[in-house]
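Asker: Quick check, what structure comes out for this input:
(one chain, ligands or ions: 2)
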Amino acid sequence: MSSNFLNTPVEYLKNVGPQKADVLKKELHIFRYSDLLTFYPFRYVDRTKFYKVREITEDLPYVQLRGKIVSTKIVGVKRSQRFVATFADDTGKLELVWFQGAKWMVEKIKPHFTNEFIVFGKPSWFNGAFNISHPEIEPVSEENTTLASALQAVYNSTEKLKAKGLDTRGIARVQKTLNALIRNNIPETLSKDIMERFQMVSKEEALKQIHFPRNPEMLRKAEFRLKFEELFFIQLKLLKQKGTREKTYRGFAFSRVGDYFNSFYSKHLPFELTNAQKRVIKEIRLDMGSGKQMNRLLQGDVGSGKTLVALMSILIAMDNGFQACLMAPTEILANQHYETISGMLQPLDINIGLLTGSTKAKERRRIHEQLQNGEMHILIGTHALLEDVVQFKNIGLVVIDEQHRFGVAQRAKMWEKNTLSPHMLIMSATPIPRTLAMTLYGDLDISVIDELPPGRKAIQTVHRFDNHRDRVFGFMKEQIALGRQIYVVYPLIKESEKMDYKDLMDGYESIVRSFPLPQYNVSIVHGQMKADAKDYEMQRFVKGETNIMVATTVIEVGVNVPNASVMVIESAERFGLSQLHQLRGRVGRGAEQSYCILMTSFKLSSEGRLRMETMCRTNDGFEIADVDLKLRGPGDMAGTMQSGVLDLNIADLAKDAQILHSARNIAIELLSEDPNLEKPENSNIAYQLAISNATQTNWSRIS
Ligand code: ADP
Ligand code: MG
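Answerer: Ligands and ions are numbered 1, 2, ... in the order given. Sure, this is the predicted structure:
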C-alpha cells in the first residue's frame, strides 16, 4: 500500500513521451498518474448501437452510424477551406465536415470510397439539415464491429491535445496503458464500515471501472463510489471546520429577551409575522443564546421579509446590552434600510446612525464618537463600516445583507470588532438549492424563510417578442394612467459594454419618443453615471416624480418602490434565471397587481426558451434556482460567491442530492463517534483528509 504509484510523473507512462506529457500538463493539469486516473470520462457511448440517419434528432449528444461516403468535395479557399463528405445509409444522407486537415482527409477517405464506414460524432442542425463536424470515421472492420465492451468512455479534449494525437481515443489509449498497471497499488480512502454499509467497490476497482466499465452495473457502482467519496470529504472538512470554530470561538450569550424586543413585538409591529419569520427568529434567538458565536445564513426569496427578521435580531442584541450593525452592498440599499428601520423604531428611544461613502466628515466624526462611547445603538451602512476607524463600544451582532456581494476577507474584518467575535447573520436573497447551500455554506447554519407575507398578489409574468413592442407600450400607458410606475431594464454585460450601452441609449430614446413630456417623465440610471447623478434619478423615481425608470441591472439589488408594478426586461434571453428572478422581485411589493414582461427576439435557443417558460410558470425562487442549477451547473451559478469547494470532479449537485445527503449524514455520524478521527478503523479517512487539507486554503475562521 503505497501511493508512490499515484505520484508517478505522467511522462513515465509507456507511450507518453515528453511532448504528450507537456500538453497534458498545460491543457488538463495532468502531472501525475493520480491526475490522469481522476480525469474521468465526461460520458459513455454505447458502441454496439447504430443509428440510422433518419433517426437523428437534435437532442442526441452522439450518434454512431454505418454507411457509405457517396461524394467528397473541398469547399472554400485557404483559411476557410473545409472538407465535406456526403455520407449515406439506406435511410438518408448527411454531410460530414472537417474544418481542418482537409488535405489529409482526402487521402484518408478516398481509398475506401466504396467501402462501408463507421462514423461517430455529434450531429448538429445547420441550414436545414443535420451534419457532423469532425466525426471519428473508420472503415468497417472485424475489430470495430465486435467490441469487447459496449460502453466506451468519451473524454474531453482540446485542439492542442488533438494535435498531439490525444483526442478522446488517444486519451483512452493512454488510460488503457495506465489501467494495466493498477494492481493493489491504490490506497483505500474510506473505512470498511462505510464501504460495507453502501456495498461499495474499492477505490481501486472504481478507478478501473470508471474508465473501462465491464458493464453498466459496474459503471454505476464506480460512479457512486467516486461521487460519494468526493462529497464525503468536502462535508467532512466543512463539518470539522465548524466544530473547531464552535469550540475555539466562544460567543456572547444573549440570555434574555427584554424590553426592546417585547415592546416592539407587542406594540409597534406593523403586521403579524409570518410563521416562517417566527420560526427563523426563534432559530436565531436560540443560536445567539447558546454561548457559541452564531454564523448563520438567512435565506429568503425577495420580498419574504428578511429586514424585519434582522431588525428583531438586532433588538435582542440591544436587550442584552450590545450594539449591532447592518451592512448593505450599495448606498441606495443602505439608505433604504436606514429609513425602514428608523421608521419602525421611531416610537422606541433608539439612536441609529447611517454611515456610507457620502457621509460628511462632521457626521462621520459624530458617529465614530457615539459608537465608541456607546451612545449609538445601531449602525447601518455600506462597506464604510469595515474601516478600522469604525470602533464600537460593544458590538454583539453584525447583519450583512445581500451576502454574495461581499468578499470573504471583508466579512472577516467584522470578526475583530469586539473582544469576542460578534454574532453573524448573513442574509441572501439569491435562493440557492439546498444541495448547493450544503456545499457552499456547509459550515454555516442555515435558516430559510419559505413563505411570503399574506395578501401578496402573485406577479404575472409574460413573454413577448420584440415585434410586439407597440402593444407592450400600450399596456405601459394603461398602467401609468392607473398611477403605477414602470421599470425597463437592459442587460449590461462586460465584454460587449459598448454595444450594450448603445442598446440602452437607443431604448431610452425610443421610450422618450413614445412617452413624451409633459404627460410622461422618464428617468435613466446606468453604471457609467456618477454616483450623485444616479442617486438623484433614483430618488426622483422613488418619490414618484417619474413614471418610467430605464436602467441597467444597477437596480437589481434590493431597491424598494412599492408603487412600481411593471417590470419590462429587454433582451431577457441574455439574463440568467436568478438574475431575471431578482429583477422581477423589484415589483410586486405594493398592494397592486404587478406584471413582469420578458422581451426577447424571435430566435431563442432551447435553453433560452426554457428560461422564459420557467419564469412564466413560477414565482418560487427555490424552484427557479433548481432549474438554474440544472441548466448552468453549480460552478457558474455560484458566480461571485467563493467557490473553491465547487470544483467538483465527478459529483453533480443538480443530480446527486441523494448521495450528498448520505455523505453528509455519514460525516456527521463519524465525527460524533470519533471527533478527531483517531480510531484505527478510520485511519484511511484521517489520512486522506490530511492530504486534502494540506492542499487547500483554510477558511475555517471565516463564515
Ligand atoms: P426582503 O426579504 O426582500 O428583504 P423585505 O424585508 O424588504 O423583504 O420585505 C418586503 C416587504 O414585505 C416590505 O415592504 C415589508 O414591510 C413587508 N413585510 C415584511 N414582513 C411582513 C409580514 N409579516 N406581513 C406583511 N408584510 C410584511
Ligand atoms: Mg432585502
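
Asker: what's the closest non-adjacent residue to residue 156?
Answerer: Distance criterion Cβ to Cβ, 6 or more residues apart in numbering; nearest residue to residue 156, sequence neighbours excluded, is residue 42 at 5.4 Å. (C-beta placed from N, C-alpha, C; glycine too.)

Asker: Check the gap between that neighbour and ligand 1 for me.
Answerer: 39 Å (Cβ to the nearest ligand atom, to the nearest Å).

Asker: Can you pull the phi/psi pair for that residue?
Answerer: phi -90, psi -10 (degrees, to the nearest 10).

Asker: wouldn't it be in contact with residue 171 here?
Answerer: No: when contacts are counted by Cβ atoms under 8 Å, residue 42 is not listed as touching residue 171 (11.0 Å).

Asker: For the residue nearest to residue 156, give me its contacts.
Answerer: 154, 155, 156 (Cβ atoms under 8 Å, 6 or more residues apart in numbering).

Asker: Quick check: PyMOL command selecting the buried ones in those.
Answerer: Remark: buried members of the contacts of residue 42, expressed as a PyMOL selection using 16 or more other Cβ atoms under 10 Å:
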select buried, resi 154+155
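
Asker: will you turn the contacts of residue 42 into CSV that also has secondary structure, distance to ligand 1 and pLDDT?
Answerer: Below are the contacts of residue 42 laid out as CSV (DSSP: H, G, I helix; E, B strand; the rest coil; distance: Cβ to the nearest ligand atom, whole Å; pLDDT from 0 to 100):
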residue, secondary structure, distance to ligand 1, pLDDT
154, strand, 44, 87
155, coil, 45, 92
156, coil, 40, 89
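
Asker: If you rank every helix and strand of this structure by mean pLDDT, what lands last?
Answerer: In the chain, no helix or strand scores lower on mean pLDDT, DSSP states H and E than helix 634-638, which sits at a mean of 53.

Asker: Which SSE is immediately downstream of that helix?
Answerer: helix 657-673 (DSSP states H and E).

Asker: distance between that following helix and the chain's centre?
Answerer: Distance of helix 657-673 from the chain centroid (Cα atoms, centre = their mean, to the nearest Å) equals 23 Å.

Asker: Show residues contacting the following helix or strand past that helix.
Answerer: On the C-terminal side of helix 657-673, the closest following helix or strand by DSSP H and E is helix 683-694. Contacts of helix 683-694 with the rest of the structure, by Cβ under 8 Å, 6+ apart, involve 187, 188, 189, 190, 191, 233, 236, 237, 240, 670, 677, 678.

Asker: Narrow the residues you listed to those in helices?
Answerer: 233, 236, 237, 240, 670 (DSSP state H).

Asker: could you pull out the strands for the stretch 1-150 of the chain?
Answerer: If DSSP state E, counting those that start in this stretch is used as the criterion, the strands of the stretch 1-150 of the chain fall at 43-46, 63-75, 82-89, 92-98, 116-121, 123-126, 129-133, 136-139.

Asker: would you turn those into CSV with mean pLDDT, distance to residue 523 and mean neighbour count?
Answerer: Formatted as CSV, the strands of the stretch 1-150 of the chain follow (pLDDT from 0 to 100; distance: least, Cβ to Cβ, whole Å; neighbours: other Cβ atoms under 10 Å):
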stretch, mean pLDDT, distance to residue 523, mean neighbour count
strand 43-46, 84, 50, 16
strand 63-75, 89, 53, 17
strand 82-89, 91, 51, 19
strand 92-98, 92, 51, 19
strand 116-121, 88, 52, 20
strand 123-126, 86, 43, 14
strand 129-133, 89, 48, 17
strand 136-139, 82, 57, 16
